[in-house]
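> Quick check, what structure comes out for this input:
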Amino acid sequence: MWALVSWVAVMAGLVAGTQCPDGQRCPEACCLDPGGAGYSCCSHVPDKWPPTLSRRLGRPCQVGAHCTHGASCVLTVSGTSSCCPFPEAVSCADGRHCCPRGFHCSADGRACFRAAANNSLGAVQCPGSQFQCPDSSTCCVMLDGSWGCCPMPEAVCCEDHIHCCPEGFKCHTEKGTCELGPRQVPWMEKVPAPVSVPEPPAWRSGVPCDHLASCPVFSTCCQLASGQWGCCPVPAAVCCQDHQHCCPQGHTCTAEGRCRRQNETVAGLQKTPARQASLSHPRDIGCDQHTSCPVGQTCCPSLGGGWACCQLPHAVCCEDRQHCCPAGYTCNVKARSCEKEVEAAHAAAALLLPGPREGVRDVACGQGRFCHDNQTCCRDRQGGWACCPYPQGSCCADRQHCCPAGFHCKAKGTKCVRWGNLRWDAPPRELAPQQLL
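This is a model prediction of the structure:
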């Protein structure tokens, strides 16, 4: 579940380098005082750092702002951002701790361990060298076979080829969570990896809003009240109609500038202005000898007989000459959508289970039958009730099988497939097809 938190607990202990988190400089290293009130200079830090207890510090922030001097705003696994008292930091898997750049978090997030000396601090190169992900992220294969980026270092790529979990956690596809023993955290959705090209910087290290503006990686482009582009500090965010706020994925905006999900209401996120790029670039993509589109976009024929730019790389140009779809999709002009059929991670549909008459009664089916929580009631072949092991599952017509939410039954109920339809009028948080420029 997405949740905005008002604190972040930070690893307390030795901090290598010449500058302490409080801003003072030391000749060799600085150490946290025993009382935890400040830092003082100490001798050289040993190669093996002892684990130390953490303390809870920090507050919610927006990327690049609202943190004190010497601190940084880091994105947590829950999709929110909090202040970490290190100038450059990485968020730990538990969403409450952080470590200095160049270090790895322990499994419980309470200690930091120095990374190997040969670790690169640049972009993460995906296998094949065609795609790359930002530093502190992980390459994972997407549904269409391309590479995607999970916004966590050394993450676990889930079998559904859509989500990922923090290091050390296991994907629980039925619950949509990441689990480590009794602990559960929401899983993250991957974003497509950009093609590995040296320029322009806005495309290499951020999210392009159009051919001029871009936002930092793992953020979302939203329009401001001025008509210019702004950046929401979470990926796949919902842009609010007031053009001032945005909400994490899965939330809805309220008139008061807050975010609501079911019975939970949290403060809305403030957008920041997007970066502006130059009007042209030598690596622009040439449509013909007179026309070109910015790198990362696709040339498409326009209604006027000339060329237009689709704001997606390797896109499919629709026959109406007004829209385009992401690579791997097909245009359905009549339905005003982009369509793509992809196989589910669960190739075989789940068999329905008998519904008990007594015992745990979390989901009432009717006729005195119940299913457990995180299950779905489906009619069986005898006209009674059975339990699908997926929450909000889809009951197959054979009355013997069911599929996960978002999938439909195929091959007479023995296979689940997912239609990746993208409506042309989809909200900005979805991967909607683009209007040609």
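
> Okay, the closest residue to residue 155 other than its chain neighbours and residue 175: tell me how far apart.
Setting aside the residues directly before and after it, residue 155 is nearest to residue 138 in space (Cβ to Cβ, 6 or more residues apart in numbering), at 4.0 Å. For glycine as for every other residue, the C-beta is placed from the backbone atoms N, C-alpha and C. Here the criterion is Cβ to Cβ, to the nearest Å. By it, residue 138 lies 21 Å from residue 175.

> Same drill for those two, tell me which one is more crowded.
Neighbour count, other Cβ atoms under 10 Å: between residue 138 and residue 175, residue 138 has more, with 21 against 14.

> Surely that one is in contact with residue 153?
Yes - applying Cβ atoms under 8 Å as the test, residue 138 and residue 153 come out as touching, 6.4 Å apart.

> which stretches of this protein form helices?
Using DSSP state H, the helices of the chain run over 201-205.

> mind giving me the domain ranges of it?
Domains of the chain are assigned by automatic domain parsing as 1-119, 124-192, 201-276, 285-340+424-435, 350-419.

> Would you single out the least confident of the ones you listed?
For these, the weakest mean pLDDT is recorded on domain 1-119, namely a mean of 55.

> Report the spatially closest residue to residue 330, excluding sequence-adjacent ones.
Leaving out its chain neighbours, the residue that sits closest to residue 330 by Cβ to Cβ, 6+ apart is residue 339, at 5.5 Å.

> Next: residue 325.
Nearest to residue 325 is residue 338, by Cβ to Cβ, 6+ apart, at 3.6 Å.

> who's the one you found bridged to?
Judged by DSSP bridges, the bridge partners of residue 338 are residue 331, residue 422.

> was I right about it contacting residue 330?
Yes - in terms of Cβ under 8 Å, residue 338 counts as a neighbour of residue 330; the distance is 7.1 Å.

> any common contacting residues for these two?
Any residue near both residue 338 and residue 330 by Cβ atoms under 8 Å, 6 or more residues apart in numbering counts here, and that gives residue 316.

> who has more neighbours, those two?
A count of neighbours by other Cβ under 10 Å puts residue 338 above the other of residue 338 and residue 330, at 27 against 12.

> Can you tell me how far the residue nearest to residue 157 when sequence neighbours are not counted is from residue 148?
Using Cβ to Cβ, 6+ apart and skipping the chain neighbours, the partner closest in space to residue 157 is residue 140 (3.7 Å). Distance of residue 140 to residue 148, given as Cβ to Cβ: 5 Å.

> cool, and residue 164?
Going from residue 164 to residue 148 by Cβ to Cβ gives 8 Å.

> again with residue 365
38 Å.

> What of residue 210?
Using Cβ to Cβ, residue 210 is found at 23 Å from residue 148.

> and those two? which has more neighbours close in?
Neighbours per residue (other Cβ under 10 Å) separate residue 210 from residue 148, with residue 148 holding more: 24 against 16.

> Identify the bridge partners of the more buried one.
Bridge pairing for residue 148 - DSSP bridges - gives residue 140, residue 192.

> Go ahead and confirm it touches residue 138.
No - counting by Cβ under 8 Å, residue 148 stays clear of residue 138, with 9.4 Å between them.

> Now for these two: what residues contact both?
Here residue 148 and residue 138 have no joint contacts, going by Cβ under 8 Å, 6+ apart.

> returning to what we had before: could I get the contacting residues of the residue nearest to residue 157?
Taking Cβ under 8 Å, 6+ apart as the contact definition, residue 140 lies against 147-150, 155, 157, 161, 164, 190.

> Which of those are buried? Put it as a ChimeraX command.
Here is the ChimeraX command that selects only those of the contacts of residue 140 that count as buried (16 or more other Cβ atoms under 10 Å):
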select :147,148,149,150,155,157,161,164,190
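
> okay if I get the contacts of residue 140 as a markdown table plus distance to residue 314?
Listed next are the contacts of residue 140 as a markdown table, based on distance: Cβ to Cβ, whole Å:
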| residue | distance to residue 314 |
| --- | --- |
| 147 | 13 |
| 148 | 15 |
| 149 | 17 |
| 150 | 22 |
| 155 | 25 |
| 157 | 23 |
| 161 | 19 |
| 164 | 23 |
| 190 | 18 |
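
> which one of the contacts of residue 140 sits closest to residue 229?
Here the nearest of the contacts of residue 140 to residue 229, counting by Cβ to Cβ, is residue 149; it sits at 21.3 Å.

> Any idea how many residues pack against the residue nearest to the closest one when sequence neighbours are not counted?
Counting by Cβ to Cβ, 6+ apart, residue 133 is the residue found nearest to residue 149 once chain neighbours are left out, at 3.7 Å. Neighbourhood size, residue 133 [other Cβ under 10 Å]: 25.
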